[in-house]
Structure formats: C-alpha cells, structure tokens
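# predicted coordinates and the sequence they were generated for:
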Amino acid sequence: MNKFQDFQITSSQKAFTGDKIKIDRLLNREIIVSDYKIEPSRYTDKGNGKCLHLQIVLNNTNHVLFTGSTGLMDQIEKVPRDKLPFKTTIVRENERMQFT
C-alpha cells in the first residue's frame, strides 16, 4: 500500500499568513505588500466580481487583507512580480482606494 508522502505532492496554492485586517485600519499608514492574488469574489454582485488578497506587513506583523477595490486591483496588476515586496500607503480619494 502506498503512502501519500511517497508521492511527493505539494500544494500549488498560495497560503497567506497572519490575521485578517480591515482596510480602514490601514488607510494612510505605510505597509509592505509581500504578495497578492486575485480570485473570484463570493460577492459577485459587487465591483468586478473579483477579490484582491494582499499579504502585507504592518508594524513587523503579517496580515491578510481582502478587498473588492477595483482601483487597487488595477494598480497591483501593473506591478512586476519581481518587484515584490514593496512599501506603499493605501489612501482613499473620492471614494476610491489607491496605492501611493
């Protein structure tokens, strides 16, 4: 009988670490964005039907942020993967979130 460990299979899904944090607690504070992924949202009736998952560091502590902000998704998709991690601040301008 085979053992699962003999197959040497590892998960291909990214696992983000840290406590979930609300975006309002991050506004106008410098953070480090370590990684991200964009997946279908469970709230398909809002925004573009996608959800941005951000792996961030705030005050030397890992956190995970989930947001449907289309502005943040648009901006982060333009960041080359080899430029991660980066420092930024999330601000709200005219009801729209953006990295600065």
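Received it, and whenever you're ready, just let me know what you need.

# geometric centre of this structure: which residue is closest?
With distances taken as CA atoms, centre = their mean, the residue of the chain nearest its centroid is Leu54 (1.2 Å).

# so what are the sheet partners of whichever strand or helix holds it and their directions?
Per DSSP states H and E, Leu54 falls inside strand 50-58. If you go by DSSP bridges, strand 50-58 pairs up with strand 30-40 (antiparallel), strand 61-67 (antiparallel).

# closest one to Pro80 among these?
Of all those, it is strand 30-40 that lies closest to Pro80, at 12.4 Å by CB to CB. (Each C-beta comes from the backbone N, C-alpha and C, glycine too.)

# residues of the closest one that come out buried?
Using 16 or more other CB atoms under 10 Å as the test for burial, strand 30-40 gives Ile31, Val33, Ser34, Tyr36.

# tell me what the last one is bridged to.
Beta-bridge partners of Tyr36, counted by DSSP bridges, are Leu54.

# follow-up on the earlier one: ok, the buried residues of strand 30-40 vs Arg92, which is closest?
Closest to Arg92, out of all of the buried residues of strand 30-40 and judged by CB to CB, is Ile31, at 14.5 Å.

# so what's that closest one up against?
Neighbouring residues of Ile31 by CB atoms under 8 Å, 6 or more residues apart in numbering: Ile56, Val57, Leu58, Lys87, Thr88, Thr89, Ile90.

# one more time with 7 Å
Ile31 makes contacts with Ile56, Val57, Leu58, Thr88, as judged by CB atoms under 7 Å, 6 or more residues apart in numbering.

# on that earlier part again, including mean pLDDT, could the strands paired with strand 50-58 go into TSV?
Output for the strands paired with strand 50-58, formatted as TSV (pLDDT from 0 to 100):
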stretch	mean pLDDT
strand 30-40	96
strand 61-67	97
